[in-house]
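Student: Below are the sequence and a predicted model for it; my questions follow.
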Amino acid sequence: MADVPYLLWGLIAVALVFDLLNGLHDAANSIATIVSTRVLRPQYAVFWAAFFNFVAFLFFGLHVAQTVGTGIVSPQIIDDRVIFGALMGAISWNLITWGLGIPSSSSHALVGGLVGAGVAKAGLGAIVWSGLTKTGSAIVLSPALGFILALLLVLAVSWIFVRSTPVAVDALFRYLQFVSASLYSLGHGGNDAQKTMGIIAVLLYSHGAYDGEFYVPFWVVLTCQTAMGLGTLFGGWRIVHTMGSKITRLTPMQGFCAETGGAITLFLATGFGIPVSTTHTITGAIVGVGAARRVSAVRWNIAKDIVVAWIITMPMSGFIAAAFYALASAFA
């Protein structure tokens, strides 16, 4: 690694900034339900989530990193300008939506950035359509699965505890939410940190920094998990408010069901190497538990605004990424 140019280290630093912002932006996904149900205070919840974000690499393989590194755009067209454009497109869109308190997807911002910069360089032939289709399908499937699982969990738990008093159920699920929040944070760290790992690994690969087939060096794994955990520590309080209370009001039992449904979805996606949106997943799960109570319990106008943000995330980050690629090319 001694021969790696300074520009490459600079781009790795930018990638880690994205990872940090990803953790900050998506901290709300990990802690919104446990904060909104008042099981944990926000300052404690972020430490809880950050720890499980960091240790996630111990539980998952690196299939998502492989998909991001080689399965969205062809690794043969990757160079410094493409990665710079992709990262700046994703970071810019993350900052815009974070400032507005909109829970958009950091994952799809990065994918959109890769596609935008890749197409700006090599046209549509740069796209690996199988990987992009798989990722695009997850925009619909991950919140839908989160919705269904959370809805079924609420119905099952309600039936199991039908003879219990509300006070007893509330007390039990205040403890169980520690488990479900931990699992969701593990799923978040396992899926989201790997996206930056894939970016850094393919950047190293394009520079010939290591020989042989594409792989993710262990130092990249540790660095990305650390950046994700640190970002989570800073929190994202405006998005916590949107996710935790604006969509629907949650009890500890409902928070448990939402987190567990979301965690199962993330575990499945990570196992199959699909870079899904943790934002989409937990939003679908929260809507599911709200709808299980009654359809009117969900503030559908808020949910609609979030869905609109999902739809425009990939094209907007792609457009910004293409602009940054053109800017970098002009100064190359």
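Tutor: Perfect, thanks for sending it.

Student: which secondary structure element contains the residue nearest to Leu95 when sequence neighbours are not counted?
Tutor: Closest residue in space to Leu95, ignoring its immediate chain neighbours: Leu21 at 7.2 Å, by C-beta to C-beta, 6 or more residues apart in numbering. Using the backbone N, CA and C atoms, a C-beta is placed for each residue, glycine as well. Taking DSSP states H and E as the definition, Leu21 sits inside helix 6-36.

Student: what is the mean pLDDT for that helix?
Tutor: The average pLDDT for helix 6-36 rounds to 79.

Student: So which elements touch it?
Tutor: helix 42-54, helix 80-100, helix 106-122, helix 166-206, helix 218-234, helix 237-241, helix 252-271, helix 278-293 (3 or more C-beta pairs under 8 Å, 6 or more residues apart in numbering; DSSP states H and E).

Student: Please state the offset of it from the chain centre?
Tutor: 9 Å (C-alpha atoms, centre = their mean, to the nearest Å).

Student: and what of stretch 90-104?
Tutor: On C-alpha atoms, centre = their mean, the centre of stretch 90-104 falls 13 Å from that of its chain.

Student: ok, now which ones touch the residue nearest to Leu95?
Tutor: Ile91, Asn94, Leu95, Trp98, Ser106, Gly231 (C-beta atoms under 8 Å, 6 or more residues apart in numbering).

Student: Please apply the same query to Gly318.
Tutor: Taking C-beta under 8 Å, 6+ apart, one finds Gly89, Gly112, Gly113, Val115, Gly116, Ala117, Val119 in contact with Gly318.

Student: Please produce CSV containing these, extended by neighbour count, pLDDT and distance to Met253.
Tutor: Conversion of those to CSV gives the following (neighbours: other C-beta atoms under 10 Å; pLDDT from 0 to 100; distance: C-beta to C-beta, whole Å):
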residue, neighbour count, pLDDT, distance to Met253
Gly89, 29, 94, 40
Gly112, 27, 93, 36
Gly113, 35, 94, 39
Val115, 27, 95, 40
Gly116, 28, 96, 42
Ala117, 34, 95, 45
Val119, 20, 95, 46
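
Student: export those to JSON lines and tack on distance to Glu259?
Tutor: Putting the contacts of Gly318 into JSON lines (distance: C-beta to C-beta, whole Å) gives the following:
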{"residue": "Gly89", "distance to Glu259": "30"}
{"residue": "Gly112", "distance to Glu259": "27"}
{"residue": "Gly113", "distance to Glu259": "29"}
{"residue": "Val115", "distance to Glu259": "31"}
{"residue": "Gly116", "distance to Glu259": "33"}
{"residue": "Ala117", "distance to Glu259": "35"}
{"residue": "Val119", "distance to Glu259": "37"}
